[in-house]
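[1] The sequence isn't on hand, but the structure is:
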């Protein structure tokens, strides 16, 4: 099946000078990066690959971008770019604009313990849940992308996967970093550092396994109904994942042809990776520090300036991949770093439970044929901030969302009007709430359909 993908113009990324510094919490801190590059929008619709036959209590496909698109009510958009090992070739963008490809590797960290993978508002009843005490295995990895073929060479995708099973006391394989000035906000902007090897131009995480996917004419002709290419690998040889540990993957394109700056990618074989943006290029429905996820799911890129960096000329990111949300534009008040831009590469992971797993609760569906009450986030919430509570309404109608303290006193009614059919998001202010545990109940026609809880901390 032949497909045509249109990409818009992109400018070469520009980054300022900055450096790492050690924090009191023994975590590295980095400043935000001013977003100096437009993204390439993708003109095709997002069509996540379905794996319904494998979504069960013992194994499950995980894709963080897909679940966050559900959380955001389908407000996400696709952005794409060329994936090429270096900048020694010319790429033609729309409007007859030429420039060098500037993304050379991509990476992704999966944290399956995120509440967004267990909330019945976003997931199907009976699906596997990985908790912080679960151990599990990665059986397969799948990369959804676009491969365009113009010449007869055989190309390669190099897929690297590692597990941060470092024992206590050893140097962590995925150390934790945060952005300057936000350490007191706990996991608001914490992320795992994905090491980059400037000698091999690939992921530098210890203990990685490598898998190669051959890109030839047969692969190019094999697409999904939506026109996507899928590279799926069985992750044999990878160690099991102990409780509290994460999976990290990295992908790069290895062309099977020679090239120079006088060549253009439009006349060669090329790979375009695609990412799902939760709220476009920042300025969406959430801003730091209110928007708190408290998990380590993140996608990364390796850019031209960091790839060609040296220890002597260290830009601050030498030896590290850059998380997508490092690129924060200025908000309407001129505050740099105030708006986030979460992007998630289309990389899916098939996990298999080894011990300690649960399943998405069926209780919410059994209790109510009207609505499903989701998990509040962030949880715990910061006093003086707010929490967001999802309500997935089956048929719409009038609901009340009531909040109680531990002695049964109603402290606020967050919603008491009509809600739309489908996912709704109710915001609860914590400005007047003391530290402690609170219960929130979904009420319709005087009947409590479901009750859950959240914590408030200072």
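    Ah, there it is. Computed from a prediction, not measured in an experiment: that's the story for all the values here.
[2] Going toward the C-terminus from the longest strand along the chain, what's the next helix or strand?
    Longest strand in the chain by number of residues (criterion: DSSP state E): strand 135-148. Remark: after strand 135-148, the chain's next helix or strand is strand 155-163, criterion DSSP states H and E.
[3] Other residues contacting whichever strand or helix holds residue 454?
    Assigned by DSSP H and E, residue 454 belongs to strand 447-457. By CB atoms under 8 Å, 6 or more residues apart in numbering, the list of residues contacting strand 447-457 from outside reads 364, 367-368, 370-373, 375-376, 379-383, 387, 430, 433-443. Bear in mind the C-beta positions are built from the backbone N, C-alpha and C, glycine included.
[4] Give me the three-state assignment for residue 431.
    coil (DSSP: H, G, I helix; E, B strand; the rest coil).
[5] Next, count neighbours for the closest residue to it other than its chain neighbours.
    Leaving out its chain neighbours, the residue that sits closest to residue 431 by CB to CB, 6 or more residues apart in numbering is residue 384, at 5.6 Å. By other CB atoms under 10 Å, 12 other residues sit near residue 384.
[6] Residue 384 belongs to a strand?
    No. Counting by three-state DSSP, residue 384 is not found in a strand; it is coil.
[7] Surely it touches residue 435?
    No. At 11.2 Å, residue 384 does not count as touching residue 435 under the criterion of CB atoms under 8 Å.
[8] And the longest strand of the chain, what does it pack against?
    The elements that strand 135-148 packs onto, with contact taken as 3 or more CB pairs under 8 Å, 6 or more residues apart in numbering; DSSP states H and E, are strand 155-163, helix 217-221, strand 229-234, strand 247-254, strand 270-277, strand 347-355.
[9] Let me have these in TSV, extended by distance to residue 133, mean neighbour count and mean pLDDT.
    Formatted as TSV, these follow (distance: least, CB to CB, whole Å; neighbours: other CB atoms under 10 Å; pLDDT from 0 to 100):
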stretch	distance to residue 133	mean neighbour count	mean pLDDT
strand 155-163	17	21	96
helix 217-221	40	13	96
strand 229-234	27	18	95
strand 247-254	17	24	97
strand 270-277	30	23	88
strand 347-355	9	20	94
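[10] To residue 173, which of these lies closest?
    strand 155-163 (6.6 Å; CB to CB).
[11] Show me what that closest one pairs with in its sheet, parallel or antiparallel.
    Looking at strand 155-163 with DSSP bridges, its partner strands are strand 209-215 (antiparallel), strand 247-254 (antiparallel).
[12] need the longest helix for the protein.
    Assignment by DSSP state H gives helix 64-71 as the longest helix of the chain.
[13] Give me the mean pLDDT for that one.
    Helix 64-71 carries an average pLDDT of 81.
[14] Next secondary structure element downstream of it?
    Next along the chain after helix 64-71, taking DSSP H and E as the criterion, comes strand 77-83.
[15] which neighbours does that next one have in its sheet, and in what orientation?
    For strand 77-83, pairing defined by DSSP bridges yields strand 40-41 (antiparallel), strand 270-277 (antiparallel).
[16] Can you check what angle separates the last one from helix 64-71?
    In this structure, strand 270-277 runs at an angle of 40 degrees to helix 64-71, with axes from the mean of the first three to the mean of the last three CA atoms, to 10 degrees as the basis.
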